[in-house]
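Asks: sequence and predicted structure are below.
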Amino acid sequence: MLGIILLFVGGVLLINGVGGLGLIEQRASAVLNFMTGCLTLLIGIVMLVRADVPADYFPVACVMLFTFNYLYAAICTWLELDMRGFGWFCLFIAITTVPCALLAFKGPDPRFGAFWLIWGSLWLMYFFTLVRGFNFGKVLPFATIGIGVLTCWIPGFLILVERW
């Protein structure tokens, strides 16, 4: 299921980055955010139903970080709501990525430790943009695209075709 999640998160980050560059309307990107959030919600629910031991709940929580991120962004964008609340949620996720990274570095694939730190830095940039009003210029959209491609789309695809 991880490959599916990463593939679609890579796609949504690509679209969000393109939207940040002004190449598509922000509300149009909300559609893919909503669809990706729904997909990861479904996957998270399946994982939750299959959970047998307490250790099974941590991956569910990690999936739900992405789920709520994309659903929150989609709803705020579509309804043209104040994005500061979403920005604060991005800070919560950015902080949460630190222990996720530490656990991943000790796990079977330490590359995901680096991914968690990279994702956390992106969420932190969104916090600074949405809450603190910091202008990263084109760095943020290009970082969103690059991180989506390199840490989500490509790994997700490779996982799905059993080449990871």
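Replies: Cool, got the structure.
Asks: any idea how far stretch 126-133 is from the chain center?
Replies: 17 Å (C-alpha atoms, centre = their mean, to the nearest Å).
Asks: before we move on, what about stretch 93-106?
Replies: Distance, centroid of stretch 93-106 to centroid of chain: 14 Å (C-alpha atoms, centre = their mean).
Asks: ok, and the closest non-adjacent residue to Tyr57?
Replies: Ala51 (5.8 Å; C-beta to C-beta, 6 or more residues apart in numbering). Every residue, glycine included, has its C-beta placed from N, CA and C.
Asks: number of residues surrounding that neighbour?
Replies: For Ala51, the tally of surrounding residues (other C-beta atoms under 10 Å) stands at 14.
Asks: return the residues in contact with the most centrally placed residue in the chain.
Replies: Centroid check for the chain by C-alpha atoms, centre = their mean gives Phe66 as the closest residue, at 4.6 Å. Counting by C-beta atoms under 8 Å, 6 or more residues apart in numbering, Phe66 touches Ile5, Val9, Gly37, Thr40.
Asks: cool, and Ala73?
Replies: Asn16, Ala30, Asn33, Phe86.
Asks: filter those down to the ones in helices?
Replies: Asn16, Ala30, Asn33, Phe86 (DSSP state H).
Asks: if you rank those by neighbours, which is first?
Replies: Neighbour tally across the ones in helices among the contacts of Ala73 (other C-beta under 10 Å): the maximum, 26 neighbours, falls on Asn16.
Asks: surely it and Ala143 touch.
Replies: No: proximity of Asn16 to Ala143 does not meet the contact threshold set by C-beta atoms under 8 Å, at 10.8 Å.
Asks: for the contacts of Phe66, pick the one with the most neighbours.
Replies: The most crowded member of those is Thr40, carrying 25 neighbours; neighbours defined as other C-beta under 10 Å.
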